[in-house]
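In: starting from these lines, generate the structure:
(chains A, B, C and D)
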Protein chains: 2
Amino acid sequence: MNQATNKLSKGEETRAAILKAALKHASVAGFEGLTIGTLATETGMSKSGLFAHFGSKEELQIATLDEGVRRFSESTVLPALSAPRGLKRLQAMCDNWLTWTARNDLTGCPMMTASQEFDNKPGPVRDAVVEHMRRLHQSLVKSVQMAIDNGEFVASTDAEQVAFELFGIISSCYRSRNLFQDSHADQRARRAFERLINSCLAASAAGVSRT
Amino acid sequence: MNQATNKLSKGEETRAAILKAALKHASVAGFEGLTIGTLATETGMSKSGLFAHFGSKEELQIATLDEGVRRFSESTVLPALSAPRGLKRLQAMCDNWLTWTARNDLTGCPMMTASQEFDNKPGPVRDAVVEHMRRLHQSLVKSVQMAIDNGEFVASTDAEQVAFELFGIISSCYRSRNLFQDSHADQRARRAFERLINSCLAASAAGVSRT
DNA sequence: ACAAAAAACGAACGACCGTCCTATTATTGG
DNA sequence: CCAATAATAGGACGGTCGTTCGTTTTTTGT
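Out: Just a heads-up that it's a prediction; the model follows:
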């Protein structure tokens, strides 16, 4: 009866608090940098008390990743759905994508971090990362496809290719922000988005990408 | 007298062997994943024997990073210098960049990995990463600038912006390769390069980017 | 060939890791 | 309010980490 009243049990509440701290920590130091002891201290619990919520470090990592994806979807994908299908929605996705970490009090993007960390480390965590990233990739492809179907993008547009390049722009943006501490990183990313999108625009819509 | 005869002392030889193993390991599991014990086993030495070459794990990480940069320069930047300044050289850099890990028996790009790992981890290693990446970035900017000076790229080309986007393409390529196991990653990266370069071409040179 | 110097080893250290087990405390539903 | 249950704490475990130190082996220059 508590999904209706929205009241969380004590356990669920604690778990949520742990995951919040874990996600923040992972966005800075990565998922391998997550430590039961550190996390316990940060949340004011005992190691064993915290541990009991997950059963293994691997499960903690996966749960943290899932929480990251949930937050990402909530603050990037979901709000974009209120924009009309096609170019507008794609642009909304890109805009939200650039700002979602700041809006969630995160330093880096947990998914991007996890992607690098588990690139070549087989195991359940890697499997989870791959699945999430594939889903995100597909969601981007779909958005691009809608713009094609709308006639906003030329029919020959390679949706997969566009998604590939969008990921690249985001990666570069995070690097500029966090490694180079470049305050113009977002501006660069937006300009790159614009260039990419413009190169896909159908003749009838050319130059309309920015009002 | 051994820089002339090119003969390495025993110590230098061992150190080189260690760094070779360390670099390979780091390209898979990252620099934080580097472990004195593991590395000692892999190279058939004792922990303490290996340790003595560096004095601290941090120094080992930095030395490994430096070795990665050295190899990168040797197999990417240097050979590109034999191409004529400007567009040709930029294209050579991009081509070499895509293949240098394979040519050096590496799984991922150590520098890209390090960039992510030390994004937000202050310390000497991060400082070294930042310096190396800045240098690389600047080297790219210079290459683009030469293409502008040659009149191959339009004068309004934003060299920094192009470098930003080039980094993004490479990032996306590594992710597609290693995380998604996409055998078309390189093809996607090349297409992205082409699009980016084409968008910079001066009118007189338009459409000449590929022979 | 030999003495000096460099390199490598083996064993131990304290710290922290993930995990397990048992007790204690807090929450919950009837 | 009370019994059943869930949540948390405390403490200990085997392991591995980076690092240190004293000793032994190997390399080096003469």
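In: chain A: helices as residue ranges?
Out: A:10-29, A:36-43, A:47-51, A:57-72, A:78-80, A:87-103, A:110-118, A:124-149, A:159-174, A:185-198 (DSSP state H).
In: burial count for the closest residue to A:C173 other than its chain neighbours?
Out: The spatial neighbour of A:C173 that comes closest, neighbours along the chain excluded (Cβ to Cβ, 6 or more residues apart in numbering or on different chains), is A:A189 at 3.9 Å. For the C-beta atoms, the positions are set from N, CA and C on the backbone; glycine is no exception. For A:A189, the neighbour count with other Cβ atoms under 10 Å in any protein chain shown is 25.
In: surely A:F72 and A:W100 touch.
Out: Yes: between A:F72 and A:W100 a contact is recorded at 6.1 Å, counting by Cβ atoms under 8 Å.
In: before we move on, back to that, I'd say the residue nearest to A:C173 and A:S171 touch.
Out: No: in terms of Cβ under 8 Å, A:A189 does not count as a neighbour of A:S171; the distance is 9.8 Å.
In: contacting residues around A:R134?
Out: By Cβ atoms under 8 Å, 6 or more residues apart in numbering or on different chains, the contact list for A:R134 reads B:F180.
In: any residues in contact with both of A:F72 and A:W100?
Out: A:C109.
In: mind checking pLDDT for the spatially most central residue of chain A?
Out: Geometric centre of chain A, nearest residue: A:F72, 4.6 Å, by Cα atoms, centre = their mean. At A:F72, the model reports a pLDDT of 98.
In: what about A:A40, how many neighbours?
Out: Neighbours of A:A40 (other Cβ under 10 Å): 18.
In: roughly how far apart are it and chain B?
Out: 21 Å (Cβ to the nearest Cβ, to the nearest Å).
In: same deal with A:T157?
Out: Relative to chain B, and taking Cβ to the nearest Cβ, A:T157 is found at 11 Å.
In: and the pLDDT at whichever residue of chain A sits closest to DNA strand D?
Out: DNA strand D sits closest to A:G11 of chain A, with a gap of 1.9 Å, by Cβ to the nearest atom of the strand. We have a pLDDT of 84 for A:G11.
In: again with the one 3 residues further on
Out: As predicted, A:T14 sits at a pLDDT of 97.
In: same question, the one 5 residues further on
Out: If you check A:L19, the pLDDT there is 98.
In: find the nearest non-adjacent residue to it, please.
Out: A:E67 (4.4 Å).
In: in contact with that neighbour, which residues?
Out: Taking Cβ under 8 Å, 6+ apart, one finds A:19-20, A:22-23 in contact with A:E67.
In: may I ask which of those has the most neighbours?
Out: Going by other Cβ under 10 Å, A:A22 tops these with 27 neighbours.
In: hang on, that one packs against A:L65?
Out: No: if you go by Cβ under 8 Å, A:A22 and A:L65 don't touch, sitting 9.6 Å apart.
In: hmm, A:R71 and A:N104 touching each other?
Out: Yes: contact criterion Cβ under 8 Å: A:N104 and A:R71 qualify, at 5.4 Å.
In: for A:D95, give its distance to A:D182.
Out: Counting by Cβ to Cβ, to the nearest Å, the gap from A:D95 to A:D182 is 19 Å.
In: also A:T113?
Out: 19 Å.
In: cool, and A:L90?
Out: 25 Å.
In: between these two, who's got more neighbours?
Out: Shown here are A:L90 and A:D182; by other Cβ under 10 Å, A:L90 has more neighbours (26 against 16).
In: neighbours of the nearest residue to A:R126 once chain neighbours are set aside, how many?
Out: The shortest distance from A:R126 to any non-neighbouring residue, by Cβ to Cβ, 6+ apart, is to A:F118 (4.1 Å). Residues near A:F118, counting by other Cβ under 10 Å, number 25.
In: and A:F118, what pLDDT?
Out: pLDDT at A:F118 comes out at 97.
In: now do the one 10 residues further on
Out: In the prediction, the pLDDT value recorded for A:A128 is 98.
In: the one 3 residues further on now?
Out: The score at A:E131 is 98. That number is its pLDDT.
In: how close does it sit to chain B?
Out: In terms of Cβ to the nearest Cβ, A:E131 sits 11 Å off from chain B.
In: likewise for A:R195?
Out: Note on A:R195: its distance to chain B, by Cβ to the nearest Cβ, is 6 Å.
In: number of residues surrounding the residue nearest to that residue when sequence neighbours are not counted?
Out: Sequence neighbours aside, B:S199 is the residue nearest to A:R195 in space, at 6.1 Å (criterion: Cβ to Cβ, 6+ apart). B:S199: 16 surrounding residues under other Cβ under 10 Å.
In: surely B:S199 and A:L196 touch.
Out: No: in this structure, B:S199 is not within contact of A:L196 by Cβ under 8 Å, at 9.4 Å.
In: where are the low-confidence patches of chain A?
Out: A:1-6, A:205-211 (pLDDT under 70).
In: contact residues of it facing DNA strand C?
Out: A:1-2, A:9-10, A:34-38, A:47-48, A:51-52, A:55-58 (Cβ under 7 Å from any atom of the strand).
In: does A:A185 really touch A:I170, like I thought?
Out: No: under the criterion of Cβ under 8 Å, A:A185 is not in contact with A:I170, lying 10.5 Å apart.
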